[in-house]
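Undergrad: This is a predicted model, with the sequence first.
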Amino acid sequence: MKSNDKQWQEFNKQLIEHAQNAQWGLYRNTRFDMAEFLRKAKRLENALENYLEVCYLDLNGPSNYGPIDDEETRKGFPAFDPKTAFLAPAAIHRISRIAKKLEFGLKEISELFIKHNKKVEQALKLPLSPEGCWEKVKKELQI
């Protein structure tokens, strides 16, 4: 249990570091690692939330440009660019499998996706809404 707590602390430390350094692709990767950790610990609903966040981040197109002080230069290097968006097959696959294990249908997953990612949208000031992104995620799920 103690090592699990240390690992979780390390994940949170990484998230903060990546956010402070505007490394949103790395932030997304850490969130995926957290989902994997939770899945392996059999905390499936928590893992599902994290995988859903990964999908939401992916569809917003996270970048790793890092902090750019000059405002004019920053315009050419957005923190999130939906034109570079993709959905990671591994995250979609995990969501589908966990949903089946939890006996969640599209309605339950949709509610969880939107509720959880509304907070993410506000915290990170993402360009795309959870509602719009859900439609893309829903098309990929095998439920």
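TA: Done, it's in. As the structure is a computational prediction, the values presented were derived from the model and not from experiment.
Undergrad: List the residues that contact V120.
TA: Taking CB atoms under 8 Å, 6 or more residues apart in numbering, we find V120 in contact with 53, 56-57, 126, 130. C-beta: built from backbone N, CA, C; applies to glycine.
Undergrad: at 6 Å instead, please
TA: Listed by CB atoms under 6 Å, 6 or more residues apart in numbering, the contact set of V120 reads E53.
Undergrad: For the host helix or strand of it, output the C-alpha coordinates as CSV.
TA: Taking DSSP states H and E as the definition, one finds V120 inside helix 106-124. Extracted in CSV, the C-alpha atoms of helix 106-124 (Å, rounded to 0.1, in the frame of the first residue of the first chain):
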residue,chain,number,x,y,z
LEU,A,106,-23.4,4.5,-23.6
LYS,A,107,-25.7,6.6,-21.4
GLU,A,108,-23.6,6.0,-18.2
ILE,A,109,-20.3,6.6,-20.0
SER,A,110,-21.6,9.7,-21.7
GLU,A,111,-22.7,11.1,-18.3
LEU,A,112,-19.3,10.3,-16.8
PHE,A,113,-17.4,11.7,-19.7
ILE,A,114,-19.2,15.0,-19.7
LYS,A,115,-19.3,15.4,-15.9
HIS,A,116,-15.7,14.6,-15.4
ASN,A,117,-14.4,16.6,-18.4
LYS,A,118,-16.4,19.7,-17.7
LYS,A,119,-14.0,20.2,-14.7
VAL,A,120,-11.0,19.5,-17.0
GLU,A,121,-12.3,21.9,-19.6
GLN,A,122,-12.6,24.7,-17.0
ALA,A,123,-9.3,24.0,-15.3
LEU,A,124,-7.2,23.8,-18.5
